[in-house]
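S.K.: Fold the following, please.
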Amino acid sequence: MDKPEFSCALLSKLNLDDIEKVVKEAYHKEDGPGRPPRKPMGIFKALIVKRLQQIPSERENCAGECGKTMT
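M.R.: Numbering: from 1, shown residues only. Have a look, this model is predicted:
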């Protein structure tokens, strides 16, 4: 099983109901000022997948690329 399949299988088996309540508290209400918020659980799941697949952050990725081009 490759990393994307493993991540999807793992997320489908997790019960994230309690976490959803906590994650939603960090976002303003949909009727508040500004643009509508992104789905908090979508962002949370994306961060889990990013960690499981060991995808570097944009900052780390840029630092690595900048270091390669400067030498």
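S.K.: Figure out the helix or strand that residue 9 lives in.
M.R.: Using DSSP states H and E, residue 9 sits within helix 3-13.
S.K.: In that helix, which residues are buried?
M.R.: By 16 or more other Cβ atoms under 10 Å, the buried positions in helix 3-13 come out as residue 7. Every residue, glycine included, has its C-beta placed from N, CA and C.
S.K.: For residue 43, give me its contacts.
M.R.: Residues near residue 43 by Cβ atoms under 8 Å, 6 or more residues apart in numbering: residue 23.
S.K.: For residue 37, see how far away it is.
M.R.: Counting by Cβ to Cβ, to the nearest Å, the separation of residue 43 from residue 37 is 9 Å.
S.K.: Find the residues that touch each one of the two.
M.R.: Joint contacts of residue 43 and residue 37 (Cβ under 8 Å, 6+ apart) do not exist.
S.K.: Now stretch 20-28: buried residues?
M.R.: residue 23.
S.K.: hmm, I was thinking of stretch 39-51
M.R.: For stretch 39-51, the buried set under the neighbour-count rule, 16+ other Cβ under 10 Å, comprises 40, 44, 45, 49.
S.K.: what would those residues look like in a markdown table with secondary structure, distance to residue 8 and pLDDT?
M.R.: As requested, those are arranged in a markdown table below (DSSP: H, G, I helix; E, B strand; the rest coil; distance: Cβ to Cβ, whole Å; pLDDT from 0 to 100):
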| residue | secondary structure | distance to residue 8 | pLDDT |
| --- | --- | --- | --- |
| 40 | helix | 19 | 83 |
| 44 | helix | 15 | 86 |
| 45 | helix | 10 | 85 |
| 49 | helix | 8 | 84 |
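S.K.: Show the average pLDDT along stretch 17-36.
M.R.: Stretch 17-36 comes out with an average pLDDT of 76.
S.K.: For residue 26, which non-adjacent residue is closest in space?
M.R.: residue 40 (6.9 Å; Cβ to Cβ, 6 or more residues apart in numbering).
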